[in-house]
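any chance you can model this:
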Amino acid sequence: MASSWYHTTIMHLPIQATGKTFDVVALGEGMVEFNQTKAGQPAYLQGFGGDTSNAVIAAARCGARCAYLSRVGRDASGQSLLALWSGEGVDTAGIELDADHPTGIYFVTHGASGHAFSYLRAGSAASRMTPSWLQGEAVKNILLAGKILHVSGISLAISSSACDTVFAAMQLAHETSTLVSFDANLRLKLWPLARARACITEAVAMSDLFLPSLDDAVSLCGLDEPDRIIDWGHALGAKAVVLKLGSGGTLVSDGTRRERIAGHPVKLIDATGAGDCFSGNLLARMAQGASLFDAARYANAAAALAIQGFGAVAPLPRPDALRALL
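The predicted structure is shown next:
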């Protein structure tokens, strides 16, 4: 391209291409997952999770060049996550090993009202991340080498120092023309609603791209009409808002145009990580040059495929399966 900047044909957010080694860099906490395979039964499938980890793996499977920034325990779970990321083609040079604090674990149970999460992550290695950790040579170089930085509300919630780290990362990204993507991912088991609202509102104001789910948005702003939620996101400062509506698809706005993208009728097996799958595929396609609306259409299909298997990572689709669906 003649210019160091390229724009999609519809969306007005610039993504800097020149000098950027990675398409998507995500920051957060990867975890070991135990997912109940039959409601009410003590049978669990071991896998992996963590919202931004899921998203960056989804982006890598979509063909994007990806890196992850995090901390894991110097334990078997941490080694398993490092092997997972490396095997998926996600750069791990920005992962720090912590000999004193463990890797986080969570459980997913299933019932009539859907899936529920239980966490063993208090005091985890990732929760000990600090803004000064971002200044380490490897971590900072990777952060600044991404076209897109992806962060989430869960990373804001796991500790005060992690919250400060996310905001510092967003600020560094803006200083080097890296587009900032933020997924609210509200988890009220991790923090009180009042603090969540305050921190997430500030994060949206620092975001180029805001990716809330309908349920999260209702809790955060008290609105339940999708167009009004889009207006709320823009009013906070987000340049683009993509509202995830579950089986109802998604509502996409670049601040000028809005489009409702219908969901795909598929059999739901497990919705764990579906929103993260959506986010990762959306960001990968945008980094590869797709418009916001075309990227959302692709991500919508990816999420439909992901909910047809157990776990957050194993069902994440690859391009061949998506092309078949589309």
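
from the centroid of this structure, which residue is nearest?
Geometric centre of the chain, nearest residue: residue 52, 3.9 Å, by C-alpha atoms, centre = their mean.

and that one, how far from residue 229?
22 Å (C-beta to C-beta, to the nearest Å). For glycine as for every other residue, the C-beta is placed from the backbone atoms N, C-alpha and C.

nearest residue to the residue nearest to the centre of the chain other than its sequence neighbours?
Among residues not flanking residue 52 along the chain, residue 28 sits closest, at 3.2 Å (C-beta to C-beta, 6 or more residues apart in numbering).

surely that neighbour touches residue 54?
No: Residue 28 lies out of contact with residue 54 (C-beta atoms under 8 Å); the separation is 9.5 Å.

flag every buried residue along stretch 286-306.
Residues 286-288, 290-306 are the ones in stretch 286-306 that count as buried (16 or more other C-beta atoms under 10 Å).

if you could redo that for stretch 87-102, that was the one I meant.
Buried-residue list, stretch 87-102, by 16+ other C-beta under 10 Å: 88, 90-92, 94-96, 98, 101-102.

over to stretch 238-248?
For stretch 238-248, a neighbour-count test (16+ other C-beta under 10 Å) marks 238-246 as buried.

and if you look at stretch 206-218?
206-214, 216-217.

the residues you listed into a markdown table, with extra columns for pLDDT?
Output for these, formatted as a markdown table (pLDDT from 0 to 100):
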| residue | pLDDT |
| --- | --- |
| 206 | 97 |
| 207 | 97 |
| 208 | 97 |
| 209 | 98 |
| 210 | 98 |
| 211 | 97 |
| 212 | 96 |
| 213 | 95 |
| 214 | 95 |
| 216 | 95 |
| 217 | 96 |
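
tell me the two of those residues that are most distant?
Greatest spatial distance among the buried residues of stretch 206-218 (C-beta to C-beta): 206 and 214, at 22.3 Å.

skipping adjacent residues, who's closest to residue 165 in space?
residue 129 (4.7 Å).

thought that neighbour was touching residue 160?
No: contact between residue 129 and residue 160 fails when scored by C-beta under 8 Å: they sit 11.0 Å apart.

and residue 3, what's its pLDDT?
Residue 3 carries a pLDDT value of 28.

correction: residue 35
So, for residue 35, pLDDT stands at 86.

host element of it?
Secondary-structure assignment from DSSP states H and E places residue 35 in strand 31-36.

quick one: name whatever helix or strand follows that strand.
The element immediately downstream of strand 31-36 (helix or strand, assigned by DSSP H and E) is strand 44-49.

what's that next one packed up against?
strand 31-36, helix 76-87 (3 or more C-beta pairs under 8 Å, 6 or more residues apart in numbering; DSSP states H and E).

relative to residue 187, which of those is closest?
Nearest of the helices and strands packed on strand 44-49 (C-beta to C-beta): strand 31-36, 12.3 Å.

all helices for the stretch 201-326 of the chain, in order.
Assigned by DSSP state H, counting those that start in this stretch, the stretch 201-326 of the chain shows helices spanning 214-221, 226-236, 274-287, 292-306, 319-325.

what average pLDDT does the longest one get?
Okay, so that is helix 292-306. On average, helix 292-306 scores 89.

cool, and the second one?
Here the mean pLDDT over helix 226-236 is 97, rounded to a whole number.
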